[in-house]
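*Asks:* using only what follows, build the 3D model:
(chains A and B)
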Amino acid sequence: MAVRPILLYPDSLLKSPAASLPLSDPSLPSLIQDMVDTLDDSPGVALAAPQIGYSVNLILVDVARKKGERGHGQVLLINPRILHQNGLRIVREGCLSVPDYTGNVRRYEQTVVEGTTPDGRVVVLTTSGFEALAFQHEIDHLGGILFLDRIESLSTDMFRRRAGPS
Amino acid sequence: MDRYAMLTAFGQDRPGIVAALAEGLYQLGCNIEDTCMTRLRGEFAMMVMVRLPAALAPDQLADRLASHTAPLGLTVLCREVPPQATALEPPSEKQIFILSVYGADRPGIVAQVARAVADHDGNITDMNTRVVGAPDRPVYVMILEIQLAAGSRPESLQEALDRLKPRLGVDITLRAIESVRF
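*Replies:* Predicted coordinates for the structure are as follows:
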């Protein structure tokens, strides 16, 4: 078990799409343990494997670490993907890998996520609110996408939106 | 110790303004820190926080840039800012709100809305206004980003804004923006 350092941008791994992760991968148990240990040691509620240096499709979300949130509790998902999302909203977002900066991004209020649990079950989770935001943020990491790639300029958003379809 | 300056410049909008200013700063050895630039109708306005090279005094900057900015007709103003004003801010615990105000254009909208915000210890951190609508029926639109201290009550600001609505003949919406970090 080990707490790994959380990579900070401009580490190039954070901008690289992660690889699919076979359930049979022999390193999976230790990788999962590293993810859990690192999140426990951090102020955050979620982590993607690339953030601790493993460019594979694995995320850990545990919004219950935040006071007042429950969600689905601790969720480890291998090869997760978003099936459906609904309800656009603007959120001020920040990231452990990009310290001291936040920006307004467009996210969805509800997100349906599919993935494989470490014991091999394919699960579909319907998430909403804070937990939905966490899943969207972490699944973005697997695609090499940071919240910086999604920032909406405040003025652009407010004044130019009606100029064209969006 | 590094010295910093705040530079504001504006002029008739055209392609190449940002390039000319940035090239001038680069050639002088200045480092562009944070900036905000936007077009206000036909004018392009720039606000730039600049870290100065040791050999350049803040009051020399505008003159030394003139060979780049004068051909474009830019007005350039520059003042030193204290180093403590240039420190990066750690993530804030303050509550963030977007305030939208719009209605038939009339004098005093900005003043009275901003006063209500200030009286509730709200800090305006970003603000845009536009006159839109048909020429004979101009509509004033004002979008502000406001920070309220953690624990302060947005309800009392909301009530004050509600009282302003009929007086100013405007619609006002105050929305909390959830702030999250993953």
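*Asks:* for chain A, which strand is longest?
*Replies:* Longest strand in chain A, counting residues (DSSP state E): strand A:74-95.
*Asks:* nearest the geometric middle of chain B, what residue?
*Replies:* Taking C-alpha atoms, centre = their mean, the centroid of chain B lies closest to residue B:126, which sits 5.3 Å from it.
*Asks:* how about that residue: what's its closest non-neighbour residue?
*Replies:* Leaving aside its sequence neighbours, residue B:126 sits nearest to residue B:145 (C-beta to C-beta, 6 or more residues apart in numbering or on different chains; 3.9 Å). From N, CA and C alone the C-beta is placed, and that goes for glycine too.
*Asks:* could I get the buried residue list for stretch B:120-127?
*Replies:* For stretch B:120-127, a neighbour-count test (16 or more other C-beta atoms under 10 Å in any protein chain shown) marks B:120, B:122, B:127 as buried.
*Asks:* which of the residues you listed sits closest to chain A?
*Replies:* residue B:127 (9.4 Å; C-beta to the nearest C-beta).
*Asks:* what is the mean pLDDT for the longest strand of chain A?
*Replies:* For strand A:74-95, the mean pLDDT works out to 95.
*Asks:* so is the next helix-or-strand element following it next to chain B?
*Replies:* Counting by DSSP states H and E, the next helix or strand C-terminal to strand A:74-95 is strand A:98-116. Yes. Judged by C-beta under 8 Å from any C-beta of the partner chain, strand A:98-116 and chain B are in contact via A:100, A:102, A:104.
*Asks:* from those residues, list just the buried residues.
*Replies:* For these, a neighbour count by 16+ other C-beta under 10 Å gives the buried set as A:102, A:104.
*Asks:* least confident pick among the residues of strand A:98-116 next to chain B?
*Replies:* residue A:100 (82).
*Asks:* excluding covalently adjacent residues, which one is nearest to it?
*Replies:* Excluding its sequence neighbours, the residue lying closest to residue A:100 (C-beta to C-beta, 6+ apart) is residue B:88, at 5.2 Å.
*Asks:* give me the below-cutoff pLDDT ranges for the chain.
*Replies:* The chain I'm using is chain A. For chain A, applying pLDDT under 70 flags the ranges A:1, A:153-166.
*Asks:* right idea, wrong chain: chain B
*Replies:* B:91.
*Asks:* for it, just list every one of the strands.
*Replies:* B:3-12, B:31-40, B:43-52, B:75-81, B:95-104, B:123-134, B:137-148, B:170-177, B:179-181.
*Asks:* can you point out the buried residues in the fourth one?
*Replies:* Under the neighbour-count criterion of 16+ other C-beta under 10 Å, strand B:75-81 has B:76, B:78 buried.
*Asks:* okay, and the beta partners of the closest residue to residue A:77 other than its chain neighbours?
*Replies:* Closest residue to residue A:77 in three dimensions, ignoring its sequence neighbours and counting by C-beta to C-beta, 6+ apart: residue A:115, at 3.2 Å. Beta-bridge pairing of residue A:115 under DSSP bridges involves residue A:123.
*Asks:* kindly report the same for residue A:92.
*Replies:* Note on residue A:92: beta-bridge partners residue A:104, residue B:179, judged by DSSP bridges.
*Asks:* for it, which residues are in contact?
*Replies:* The contact partners of residue A:92, by C-beta atoms under 8 Å, 6 or more residues apart in numbering or on different chains, come to A:102, A:103, A:104, B:96, B:177, B:178, B:179, B:180.
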